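1. okay, here's the prediction I keep looking at, along with the sequence it came from:
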Amino acid sequence: ETATYQVQYYIHNRMNLSSQKAAPILVLHGGPGVPSDYLLPLKDVIPYRSIVFYDQLGCGRSNDHNDERKELYSIESSLDDLELLIKKIGLRRFHLYGQSFGGILAFEYLKIIAERKNDDVECLSVILSSSPCDVAQVEGVANEMITDLIKDDPDESTIMERFRLKHQCQTTAKPKALTDAYEHAGKTGIWRGTDSIQGYKAVKPEDAAKRMSSCMVMRGENDFVTEECVEGWKDAFNHNFVRYKVLDGCSHHGLLENGPMYGDIV
């Protein structure tokens, strides 16, 4: 049995999509299963470039089906969808941006084109924003943070909101962009959160691969994706051009906490 699905995308500043001076940015959202709504504010802080947003299959606007077969969803199938999207839009030169799980997807895509060698697609650079390189490690760190919060206040009914305010998004009220994203997130137990990518750890491409794109790794000062959770990216890329940037006073969603600073860095 064959099923056909649609991956929905949106292009901000479509007229600049082929610009040679300001190449477009292709945006990969996190989760897995948390659609791109929470990253749409990028168009306000980077207004001069074309930005391509899309919802990965299983969430947001790409979730207009009731197929809950888990085998449909994986990092590999998400990479297939990404490549089809790039061909559909006709992207040839672009920058890649991945937030949280989106950074994992970005890295794996770069590995594919580096190992393929003769690809006609040119990724000029990549940003990994609050992206862990080892899922088990970041889950362990987040669990330790939750344990510390319970020690401070044993009221477990408030623990997730306290975790959000300290390590996820430090705005007093949850931003509408983030609320919208979670309202349209994928179904728990199907393709949602780190449970769906258990055991993932970034591994360097094969020795014969061509050089991967230069990389900047960003994370918030109070992010649950801590320094130790991103340290391994420098060993996963096949070059030494991996820079690190810490966003002062921010946590996991720096874009929503301090958009102007975030946009200046990106």
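-> Sure, I can see it. Numbering: from 1, shown residues only.
2. so what pLDDT did Asn16 get?
-> Looking at Asn16, its pLDDT stands at 87.
3. now do the contacts for it.
-> With contact taken as CB atoms under 8 Å, 6 or more residues apart in numbering, Asn16 is in contact with Ala22, Pro24, Tyr48, Arg49, Ser50. C-betas here are computed from N, CA, C, even on glycine.
4. how much space between the residue in the chain sticking out farthest from the centre and Ala142?
-> The centre of the chain is farthest from one residue, Pro154, which by CA atoms, centre = their mean lies 32.1 Å away. Plainly put, Pro154 is 18 Å away from Ala142 if you go by CB to CB, to the nearest Å.
5. go on, Gln168?
-> Separation of Gln168 from Ala142 (CB to CB): 10 Å.
6. ok, Gly220 next?
-> The gap separating Gly220 from Ala142 is 14 Å, by CB to CB.
7. part of a helix, is Ile127?
-> No - read with DSSP: H, G, I helix; E, B strand; the rest coil, Ile127 is strand and lies in no helix.
8. quick check: it touching Arg219?
-> No - at 11.2 Å, Ile127 does not count as touching Arg219 under the criterion of CB atoms under 8 Å.
9. mind listing the shared neighbours of these two?
-> Common neighbours of Ile127 and Arg219 (CB under 8 Å, 6+ apart) do not exist.
10. compare neighbour counts for Gly220 and Ala142 and give me the winner.
-> Gly220 (27 against 19; other CB atoms under 10 Å).
11. now the strands for the stretch 101-250 of the chain?
-> According to DSSP state E, counting those that start in this stretch, the stretch 101-250 of the chain carries its strands in the segments 122-129, 214-220, 242-247.
12. TSV please, covering these and showing distance to Leu96 and mean pLDDT.
-> Below are those laid out as TSV (distance: least, CB to CB, whole Å; pLDDT from 0 to 100):
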stretch	distance to Leu96	mean pLDDT
strand 122-129	4	96
strand 214-220	9	98
strand 242-247	14	97
